[in-house]
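Q: I would like to see how this sequence folds:
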Amino acid sequence: MFTHAITRRPSPEMVDGITTAGLGTPDYTLALTQHDAYCQALIDLGLGVTTLDPEPGYPDCCFVEDTAVVCEHIAVIAPLGAPTRQGEQESIAPVLAKCKPTTRVTPPAAFEGGDVLQIDNTFFIGLSERTNMAGAEALGKAVAAHGYKWIALDCGPSLHFKTDVNYIGNNTLLVSPHFENAPELADFTRIVIEDDEAYARNCLHINGTTIVPAGFPKTLAKVEAVGLPVVVLDVSEYRKLDGGLTCLSLRF
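A: Sure thing, here's the model as predicted:
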């Protein structure tokens, strides 16, 4: 059960954020409106939301999920794998320290929160261009000290693990074809989201409700078929920066 979330307002500098999407430049005014709706949705689902100011010099600073991994017992501050983002974690650390005991992973180990999916007492850690094995091992060691299990697995061609795999309740995952038969995920029901709606694999499950990005009717139908409440949010301007619903908050 989540009770709190940390978000960060997008900066006007987001127009210079990292992207491979090829969908054009984000509309900053619309991004602010979408961020407000996102925060309100979390509040409506029972979370207290702390919203931080934009961080100058960091165009991707609104994607706070990458800066840490937070669970019931501890917050692990990430070293971040993208060179232009290293430093974002410094302003997140004191905020998390008010809520949880914290520890840090330092380079050359690297991980980003977008590569980490916690389901119950297990952390699935994707190995990607942003998360290396040293980072996975360091994160795994930090959470294992509190009784958690961890499993590292290869992300394949995707940016982050949660680009391809997300939990939506009822022991069910949305997955890309790459992970359809992954043995590490064999204990879950897997719903394959094909590449024509690849962005919609990044849904966000909060306290029994799944938030789904707007504009992906096939994925929405599959999520609704699971039988749990669904909320649809438009995050088009964050999609232009390769960012999804999970990226925009730290939940605990």
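
Q: So in the chain, which helix runs the longest?
A: helix 28-44 (DSSP state H).

Q: average model confidence for the next helix or strand after it?
A: Later in the chain than helix 28-44, the nearest helix or strand by DSSP states H and E is strand 48-52. Mean pLDDT, computed over strand 48-52, is 98.

Q: swap in stretch 75-85?
A: Stretch 75-85 carries an average pLDDT of 94.

Q: Which positions within that stretch qualify as buried?
A: Residues 75-82, 85 are the ones in stretch 75-85 that count as buried (16 or more other Cβ atoms under 10 Å). Quick note: C-beta positions are derived from backbone N, CA and C, even for glycine.

Q: Kindly report the same for stretch 240-252.
A: Those would be 240-252, for stretch 240-252 by 16+ other Cβ under 10 Å.

Q: sorry, back to before: which of the buried residues of stretch 75-85 lies closest to Phe188?
A: Within the buried residues of stretch 75-85, proximity to Phe188 (Cβ to Cβ) peaks at Val76, which comes in at 23.9 Å.

Q: That closest one contacts Val69, doesn't it?
A: Yes - the criterion here is Cβ atoms under 8 Å, and Val76 meets it with Val69 at 4.7 Å.

Q: Tell me the span between the first and last residue of stretch 74-86.
A: End-to-end distance for stretch 74-86: 21 Å, by Cα to Cα, to the nearest Å.

Q: right, I mislabeled it, should have said stretch 196-208
A: OK, stretch 196-208 end separation, Cα to Cα: 27 Å.

Q: picking up where we left off before, pull up the overlap in contacts between Val76 and Val69.
A: 139, 143 (Cβ atoms under 8 Å, 6 or more residues apart in numbering).

Q: need the contact list for the closest residue to Gln118 other than its chain neighbours.
A: Excluding the flanking residues, the one nearest Gln118 by Cβ to Cβ, 6 or more residues apart in numbering is Cys71, at 6.1 Å. Taking Cβ under 8 Å, 6+ apart, we find Cys71 in contact with 118, 123, 143, 146, 148, 252.

Q: Restricted to helices, list the residues you listed.
A: Val143.

Q: for the contacts of Cys71, which one is nearest Met14?
A: Nearest to Met14, judged by Cβ to Cβ, of those is Phe252 at 24.8 Å.

Q: For that closest one, which residues are in contact?
A: Shown in contact with Phe252 (Cβ under 8 Å, 6+ apart): 2-5, 70-72, 75, 99-100.

Q: again with Ser91
A: The contact partners of Ser91, by Cβ under 8 Å, 6+ apart, come to 52, 55.

Q: same thing with the one 10 residues further on?
A: For Pro101, the contacting residues are 73-75, taking Cβ under 8 Å, 6+ apart as the criterion.
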